[in-house]
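Asks: Sequence and computational prediction follow.
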Amino acid sequence: MPIKTNKYLISALILGITLHGVSLFFTLETTYDALIHLCFAEHYASHWFEPWNYKWYTGFTVTGYPPLVHQSIALFSLIGGLKFGLFAVAFIAILLFITGVYRFSLLFTGDRKVAGYAAIAAVFSSSFVETLHVFGQLPSIIGISVLMHCLPEIYLWIITKKYKHLLAALSLLAVTITSHHVTPIFGMVFFIFPLLGMVLMDIARENVGSYKKVRFTLFLKTFFKHFKRILSFGINALALIIFCILPYWINTKNNPITQVPIPHGSRDNFIEVTSSGLVFFIIPWGILLFVFPYLFYRSYSKRYLFFGLSFSFLTLLGTGGTTPIPKLILGENAFNILTLDRFTLWASIMALPLFGEFLFRFIEGDLKEALQRKFGSVFHRLLGGFLVSGIIGLFIFSVNLSYFKPSQPQKINMLPILNFLNQDQHDHWRFLPLGFGDQMAWLSAQTNAMTVDGNYHSARRLPELTTRAVERLENSKFRGIEGLGSLQQFLSVPEKYHLKYVFSNDKFYDPILYFCGWQRLRQLENGIMVWEKLNVKPLASILPKDDIPLFQKLLWGIVPVSTLIIVFLLHFKRLWNRVLKISPLPKANYLNFSISYIKFNPQIISFSLGWIMLCLFFLGLGSYKFYIVNATQISPKNAIAAYYDALDFKEFERAYSYLNPKSHKTKDQYMLEIAVNDGLLSSYAKLDAIKTKLISQNDSIAKVTVNTFWITPLERIEKEYYHELYKLNNKWFITPSDYDLDLPPDQLFSVNTTKFYNHGRRRITSEQTHHEDVLKQPVLEVLSSKLIQFNNQYSIIGQLQNVDDVPADVVVNASLYNHSNNKLASYNVMHQMKHKLLPKEITSFRINFEGIAWQKNTDKGPKTFNPKEFTPASIKEIPATFDLQCAGNVANVDLYKSVALQDVTTTNETINGIVFNAGLQEVTIPQLLVSYYNENKQLIWVTHHFLPEGIRQQRKQFFSFELPNIIGLNVLKDTTENTFVNGLPNKALLEKIDVGTKYKSKNDDLIPVKGKGFSYLKIALNNYVGAPN
Amino acid sequence: MKLNNQHNSLLISLCLICLSCYSYAFVQQEITAKLTTTQTVFEAGEHITLEFELSAPSVVNLICHSAYGTTIVNPNYGLANVSFTLPENISTKKGILDFKLVLKGTSLYNGSISIIANTKNKTVLESYIGPPSISAGTHDYTMLVVVPTDSYDNPIANHTPVSIKHQFLDDQKEASIKTTDLIAWKTIHSDTKSGRILVSSTLNDVSSKEFSIEVFPAQPTNFTIDYQREHIYADGNQITTFTTSVIRDTYGNTISDGTLVNFIIKNQNNSSLKTQGMSINGVVTAYMLHPDHKATWEVTSQINGMATSNTIHINYKGVTEKLPVRFTNANRRISIGPLQSFMEQLIPDGAIVKLTITKNEQILETKLKTTANGMVSFDLEKGFYSPGTYSFIIEALGLTSIHSNIKL
């Protein structure tokens, strides 16, 4: 009898291509991984045999990831560009997955109809949808799909001992290996081992006629009888795993992943972190959760016993950190490296054949009859409706997950950035994107310029990155202290990495850039702000790389695509035959083991119904809890929490709704008050923690102090607020705080200022800048520099002046040396200096010697965020001497100096004052740079304070801070001997300056205080203007 | 023994004579060469041909060695005489060129010619200047370096005069500098005036491009300051403007725009206040808000470590002596105001009023509010202030009002 085309499979394919194809173009590019694969593909497209890529992490090797998928995209890209390649491979992945599930199900159940149902289920499988449309893990999907195609061949090899099956199996396995490295390794354990168990079970059954008669001894006997075949497959498979991606293994051995593990949601406790639970448990399991009893019941039947065990294991491992069991099974190291969501993916895929079987029995099999008999046909229809709407609902939800929970910033138009990098040799320096999400990979794919960051964290090499749990610098704000700490190191010492340009897509990072001495260049058409750093040398034209032997390069370039070609050659005829049904296909052995679905176990029905009830109950419970937590005004604490939450998310209308309606504050008024607020706290802060303390409460009034902790790019701010709350209609409302009623004196006023412009190149030429267009470096004078030991840390402090006639951008680098002149540490000034100096302006500075944080893997980073957290460089010897290298470059921006110190009062512990902004710009973040002097009016210490609120024009702002205790501070060395300015000795420059008229500064502006360890202080202001006009 | 020795030496001398006769005969058979070109000095770029007369026709080559390297030149095809034309990459380079005529590894003739810079073609002037900015006052200088070359990039002969001109204000100077060791250079000192020096150089009718050097003013000298204000009252609202005289350097030049000048203000509490400004046309303007209470300011200005100003004294009069306080609503509402300014007008919004609440000589709370229409009111809610006796200290505009033993 000629075999008819399986219409279920055809429908599955049509459905799959249509449904996924329609949405793919809207989802794939915003996934986590797709663009990374695209960037790798671009590498192969331009350098097929060269595994070294300079673009990321100051160079990395692409042998860190199996290449087949990337190389396939690269090959397709030759036809229609990179994105064409990406989508073409994605469509192939969809086809492979659906057919793979079909073949696996056919092998599993032996029933073409059931397999067809499974194929349709595969189209809607929410774990597949999530992996494709949310995570974009193409290699993972292709790997598992090809593995599923491989399984029947392994089965047939064991049972028939025909070499063509062995060859087919191995060739398919090779494709899996070269697509994804983790899939074949765990696939061996979780798919192939249970498959072998099933084959043996089938063979044993053939001998005795029924599964019931298969006993352990018989199984063991069968096993030994077929041991040779199993072994020959096993050894060959192992050899393939090693050979096909040999350079990968060599690279892994040479560069073991010693980095600090990067937190991943799949390792969370899903009950505590419900968002991870949703993404890594609820969504991938989806509708399968409701049929768990059936899945377990069926997978633990004798034939599937091994699959049952494997399925249970996978399910368990997929629960991540919810229970300690996965960690115990995998061990600490593997647990922290692997992302555990893949286990859930495999488990849900393994469940698909049985789910197909369930669907078949439910729609047209014995389950339908049983249900109709027991509960009537209406119930069955209702249940069917519930099932179908559940499947479709989850499908739609998971495809569009990034719509509900955006994981990426808005799509960025890369063209202006690419043009910028191509212009004026900007690509001769490294760049750093900030706030780009995974789109940074797409940027890298399109340009030859290099970045210090990267998007494949296993390939990181710089210790600044590998020692911290920071996936990328680009999104460092989401990694708290470690992220911003890493970022700060790169921004403070950019010369080390030839980092000159930063593309900022998130204004959160602006303050950190400004206070590290960067300046805004311009805003590109796509809204990206370009920041640049002066005094950074361009990259050398020849850069170092880790070369690998030629044979490895050839293996890497030739083997993966060859596996694909071999598979095509081997399978082409059969595929042709199978698709077009030209000649009858030999009946595969596994088709003999289909069972007839006659009687559905009634116990399972009732158990399943109970389970569904339980699931629904938990669903309801979750919803209720969600509601209760969000009941915002049942207590003063809830009201305060809700109010600050609203403020944090800038939902001011919601914040207004918590204010006392009887307070006569109109919404307009409130919004206006909010709108005129700017500053570190209102524009750059994220609420980290909030502690509410009830001072007093009665029936209708409550008074609370709120300690809020805000994360800002510069520091963690703690701010205390007082609030009064009133109870109205059983709801607590907050009395609105007073706002500043201060009235500036002038309605319209004018201020004359000097502005500067530097042409850069005056000729429009691509040649090197003409020497006459190069400005002289402004001359700086180091007035004092001292080596200080305080709290077991060494710092260099000092004062320098721009003695030139043009504004200067100042970079100061200090190095410590021991007695034998060996360098102990070297670092740049970070926040504790005015980086831009007007002619004759003075700044104090302090250099802290920062080490690379948590250099040892055993060091534990702090749990909460604290950008002030500082890892001092481990300096074992006492520094004997130091040198100071200062460089000035002509600055023409960020020279706003119109803030006056209006009033200062000191007590022994605190200093209070008022600053007044007399100029035309709104100061977003004022920084107070405080210098401390001893009784002889000699500088001994420098600190800084950021004011949390900005200062608007002609307005004042109060400040108050505690004076430090610097008793015990030790001045080790006080000399300007080894001080160099623009490469010349400080002394030599001084001689050149006309000192004839120089009068000795009397230090008139020192404020006398009775401080702990100091007698005077001086306050200087450094103003960050967020939006210059 | 002796005789024997004599024999031996005789034998050796005989052999030597034979050997020398033989070699003489051999040399006699060798080819000799003679240079027929008499010119020994050539100009770069000239067609240089060296001719040799050989005693017998043979295949010879010319090895040329100059500062740029060594090369072998093949002969031009000729009959009796052999001639070599030097390739352009050699003949255009200035310097001494050694040559060697060789025949199968043996040198037939050694000689040298010298190539001098081309004088016929146009000269090229390569010039550099730096630093591009200097300061006024004759001690600072910039340097112009001119590298005159011929069209083949050879430095022209030593002692070639280069005319270096520079212009500054009304002054235009020209100097003739002779090249030494390939370059001509001149230091150009600044004058006492600031401005722009334009520099150029000329050689054989060839001119360099124009260079400009910025002469910045020298160090600033002491200056005077003054102030303007709208009124003499400490209303905490108006702005006092400080200005400097035109700040000049030692030579009377106005200082560079953008120079930062600090104004340091000492008030009666010996506290230091500070404002600053940047100069435009030598004048610096800085601003300060009026204090909100009676004050005396002593203002000095300085350019860090370089120049300072006179000291001026400014007095601010208090706007009022009255601080009206009213207790209403069973003493639970404290109304302060209307606060009046110097003409009995309401004080501009935003004046700070501080209320300190004490009970049993312990400070319970300090409240800060700003006035609106001259008024501020504090409400003491029952929920927070249980009935009892309290003391209140109210401070505003530098005035203090104490209210003890108020019952709530």
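Replies: Structure received.
Asks: now the one residue in the stretch 301-408 of chain B that gets nearest to chain A, nearest residue through space, not along the chain?
Replies: Per CB to the nearest CB, residue B:350 is where the stretch 301-408 of chain B lies closest to chain A, at 3.1 Å. Using the backbone N, CA and C atoms, a C-beta is placed for each residue, glycine as well. Of all residues beyond its chain neighbours, the one nearest residue B:350 is residue A:742 (3.1 Å), with distances taken as CB to CB, 6 or more residues apart in numbering or on different chains.
Asks: Let me see the contact set for residue A:267.
Replies: By CB atoms under 8 Å, 6 or more residues apart in numbering or on different chains, residue A:267 lies in contact with A:320-321, A:335-336, A:339-340.
Asks: Tell me which entries of those residues lie within helices.
Replies: A:335-336 (DSSP state H).
Asks: residues near the residue of the stretch 301-408 of chain B closest to chain A, how many?
Replies: 18 (other CB atoms under 10 Å in any protein chain shown).
Asks: Check residue A:667 too.
Replies: Residue A:667 has 12 neighbours, counted by other CB under 10 Å.
Asks: do you know how far it is from residue A:735?
Replies: 16 Å (CB to CB, to the nearest Å).
Asks: Distance of residue A:333 relative to residue A:256?
Replies: For residue A:333 relative to residue A:256 (CB to CB), the value is 11 Å.
Asks: Is residue A:740 located within a helix, as I assumed?
Replies: No: Residue A:740 is assigned coil when assessed by DSSP: H, G, I helix; E, B strand; the rest coil, not a helix.
Asks: can I assume it is in contact with residue B:369?
Replies: No: using CB atoms under 8 Å, residue A:740 makes no contact with residue B:369, being 10.3 Å away.
Asks: domain ranges for the chain?
Replies: Since you didn't name a chain, this refers to chain A. Structural domains annotated on chain A: A:7-48+A:60-406+A:554-599, A:415-532, A:631-734, A:775-1024, as defined by automatic domain parsing.
Asks: The intended chain is chain B.
Replies: With automatic domain parsing as the reference, chain B has domains B:33-116, B:124-216, B:225-318, B:325-407.
Asks: Just say which of the ones you listed is most tucked in.
Replies: Counting by mean count of other CB atoms under 10 Å in any protein chain shown, domain B:225-318 has the highest mean neighbour count of the domains of chain B, with a mean of 20.
Asks: Quick check: the gap between the most centrally placed residue in chain A and chain B.
Replies: In chain A, the residue lying closest to the centroid (CA atoms, centre = their mean) is residue A:471, at 5.1 Å. For residue A:471, the distance to chain B (CB to the nearest CB, to the nearest Å) stands at 44 Å.
Asks: Spell out the secondary structure type for that residue.
Replies: Under three-state DSSP, the three-state class of residue A:471 is coil.
Asks: So in chain A, where's the weakest helix or strand by average pLDDT?
Replies: One helix or strand of chain A scores below all others by mean pLDDT, DSSP states H and E: helix A:463-466, with a mean of 72.
Asks: helices or strands next to the helix or strand that that one is followed by in the packing?
Replies: Following helix A:463-466 in sequence order, the next helix or strand is helix A:480-492 (DSSP states H and E). Contact here means 3 or more CB pairs under 8 Å, 6 or more residues apart in numbering or on different chains; DSSP states H and E; on that basis helix A:480-492 packs against helix A:463-466, strand A:499-504, helix A:510-515.
Asks: you'd agree residue A:902 is in a strand?
Replies: Yes: read with three-state DSSP, residue A:902 is one of the residues of a strand.
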